[in-house]
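Chemist: How does the following fold in three dimensions:
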Amino acid sequence: MPIQKKWEIAPLIPADVDESLKEYPPILRQLLFNRNITDAARANRYLGKIQYIYDPYQLNSMNVAVDRLLSAIDQHKKIVVYGDYDVDGVASCALMVSLIRGYGGDVRHYIPDRFEEGYGLNKEAIISLGKSGVDLILTVDCGIRSPEEVSLALELGIQVIISDHHEPDKNLPDEAAVISPRMIGSEYPEKNLAGVGLAYKIAQATMKERTLPHLIVEDFLDLVAIGTVADLVPLTGENRTLVRDGLEHIRHKPRQGVFSLARACGLTIEAITARNIGFILGPRLNAAGRLETAQESYQLLMATDVLEAGERAQKLDDFNKERQKQTRELVEKALSQIAEDDGANLHFAMMDDGINSETDSKSKIGILGLVASRVTESYYRPSIIACNDKDVVRASCRSIPEFHITKALDKCADLLIKHGGHAMAAGFTVNKECLPELKARMLKIAANELQTIDLNPVIHIDLEIALKDLRPEILNQQDQLEPTGMDNPEAIYVSRNLKIRHSKMVGSEKNHLRMTLSDGTITYDAIAFNLAYMIDTLPDYVDVVYKFERNNFQDRTTLQLNILDMKPACSG
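Modeler: Okay, the predicted model is just below:
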């Protein structure tokens, strides 16, 4: 059963802020105030009247990178765009390959095999690329924590450009042009660009230097939106501008692969949202790399033929169904292990039970991150989900805002073969004999940092509202918050004393609740994902925390409450 959540309702907007934002409707004023927007100037910037787009040449080494790239193109050098197997990396590869081809460059992509090579640059790949005559490697969404691999490439006579948004670790060779807003001394205003966002900045800078008659940089914004949302970077500042513009591009001028994938999922392309990317398109683009190879997703994004795109989109949808099935099975195994260790500040589980072949091992390794996410959601604790892979152990980690998982792994770097990630997500490879000490150290680090903190998840609620006051026009006000995501959340409301007129379990696993709720004046349909366990204990009246939303499916739009949590009503 999920951990109990605390409900925290935002304070009402102060009178002076309310006056400053008086040109906007009352509910929108409250939503803006809750997002730290307290005057008209900030509201204008947030609501899109002022764009956040920064000069790409503010990024360190951008001028060197552009000169190096254009020189390689002009001299017909062999160029490889080296990416990652997640959506951000695949979208970045598609963007940069399309750009370089636009200039007539000799370019191909390289996405390492998740199972055989793992994340990021690896020496075997670099040696192979060197033997094939590659002159320049441009990394996207990787490379900033690979000094030895970069040095090897330079020794082999391969020029290197690194573009990576992950946390820097060791110093890279001076000969590598490193583009990252996170580098020490970087003055670039937006520190949270995704890998595809950095690729877009390279495209911006290159096309400033040399225009193309048949291509404009804005043609890549759809890829930027998809990669940025899927990678769960904050949707604030420049990221929010890029994603908002990218969504508009998808709605009005979608590339064939994205259009076909949306249709395969039953989405209306003209109404696509950041949430649709995060929960529907993104998981399908990720599924291929989790189960087999990310090449399928890359080829879909590059497809121009209708039949090819349709076939690849359907294949990704099938991959996703299989991925969902396998994830459910592993989550059950992980939770059964962790139940024996309840009370720890960090949870660890091994997924080797039932592995009978190399194929079994690969399929488990590909979804470890998804399992870790579910465990962290269930217990609100950092989690490490691991699996044996020949003579090493591979693991994915997910965390909570109170615990920076990558910095914790940095403290154990002497035990690790490879590691990297963000504050909330990471991965590592470790020799089997080092695993017990690593586990002990990570548990100790988590205990030291978390033992004095009340670890209960908080639902931050924008406004308490009577259901009868929840009018359709509020949706138009909410739309102005878009695109929403990390650090720019969707609007969340609480309504009390609602009668449950109807409820039933739905979904292939019967783990969701479909309900009809009423306050006696108005009635709304509601969906409560993963709350079906409550059906036998539902009272007649409930207080509910929810998102108010349009449900667009197969060209039909309905209004519903998307319930995040509910409790027995304070009074009936």
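Chemist: Residue 546 versus residue 538, what's the distance?
Modeler: 15 Å (Cβ to Cβ, to the nearest Å). The C-beta positions use only the backbone N, C-alpha and C, and glycine is treated the same way.
Chemist: Those two: who's more crowded?
Modeler: residue 546 (26 against 15; other Cβ atoms under 10 Å).
Chemist: part of a helix, is that one?
Modeler: No: counting by DSSP: H, G, I helix; E, B strand; the rest coil, one finds residue 546 to be strand, located in no helix.
Chemist: any weak-confidence spans in the stretch 51-200 of the chain?
Modeler: Low-confidence segments of the stretch 51-200 of the chain (pLDDT under 70): 170.
Chemist: Please enumerate the helices of it.
Modeler: Secondary structure of the stretch 51-200 of the chain (DSSP state H, counting those that start in this stretch): helices located at 62-74, 87-102, 123-131, 147-155, 195-209.
Chemist: got the ones you listed as TSV, with mean neighbour count and distance to residue 562 columns?
Modeler: Shown next, in TSV, are the helices of the stretch 51-200 of the chain (neighbours: other Cβ atoms under 10 Å; distance: least, Cβ to Cβ, whole Å):
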stretch	mean neighbour count	distance to residue 562
helix 62-74	19	42
helix 87-102	28	23
helix 123-131	16	43
helix 147-155	18	44
helix 195-209	25	28
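Chemist: Can you lay out these as TSV showing distance to residue 504?
Modeler: Listed next are these as TSV, based on distance: least, Cβ to Cβ, whole Å:
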stretch	distance to residue 504
helix 62-74	56
helix 87-102	34
helix 123-131	52
helix 147-155	54
helix 195-209	41
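Chemist: Can you tell me which of the ones you listed is nearest to residue 383?
Modeler: Nearest to residue 383 among the helices of the stretch 51-200 of the chain is helix 87-102 (21.7 Å), distances taken as Cβ to Cβ.
Chemist: helices or strands next to that closest one in the packing?
Modeler: Packing partners of helix 87-102 (3 or more Cβ pairs under 8 Å, 6 or more residues apart in numbering; DSSP states H and E): strand 78-82, strand 106-110, strand 136-140, helix 195-209, helix 221-230, helix 282-291, helix 295-302.
Chemist: hang on, the earlier thing: out of the helices of the stretch 51-200 of the chain, the one nearest residue 276 is which?
Modeler: helix 87-102 (13.4 Å).
Chemist: Is the residue nearest to residue 256 when sequence neighbours are not counted in a helix, a strand, or coil?
Modeler: In this structure, residue 256 finds its nearest non-sequential neighbour in residue 309, 4.5 Å apart by Cβ to Cβ, 6 or more residues apart in numbering. Under the three-state scheme (three-state DSSP), residue 309 adopts helix.
Chemist: The helices and strands packed on helix 87-102: which one's closest to residue 68?
Modeler: strand 136-140 (6.9 Å).
Chemist: what packs against the closest one?
Modeler: By 3+ Cβ pairs under 8 Å, 6+ apart, strand 136-140 packs against helix 62-74, strand 78-82, helix 87-102, strand 159-163, helix 195-209.
Chemist: picking up where we left off before, looking at the helices of the stretch 51-200 of the chain, which is nearest to residue 525?
Modeler: Across these, the minimum distance to residue 525, taken as Cβ to Cβ, is reached by helix 87-102, at 31.1 Å.
Chemist: So residue 567 sits against residue 541, correct?
Modeler: No: using Cβ atoms under 8 Å, residue 567 is not in contact with residue 541; the gap is 10.4 Å.
Chemist: Residue 173 - how many residues pack around it?
Modeler: 15.
Chemist: Show the subsequent helix or strand relative to the lowest-mean-pLDDT helix or strand in the chain.
Modeler: Using mean pLDDT, DSSP states H and E, helix 358-366 stands out as the lowest-scoring helix or strand of the chain, at a mean of 68. Later in the chain than helix 358-366, the nearest helix or strand by DSSP states H and E is helix 368-379.
Chemist: List the buried residues in that next one.
Modeler: Neighbour-count burial for helix 368-379 flags 368, 369, 370, 371, 372, 373, 374, 375, 376, 377, 378, 379 (criterion: 16 or more other Cβ atoms under 10 Å).
Chemist: Closest to residue 516 out of these?
Modeler: For the buried residues of helix 368-379, the nearest to residue 516 is residue 377 (26.6 Å; Cβ to Cβ).
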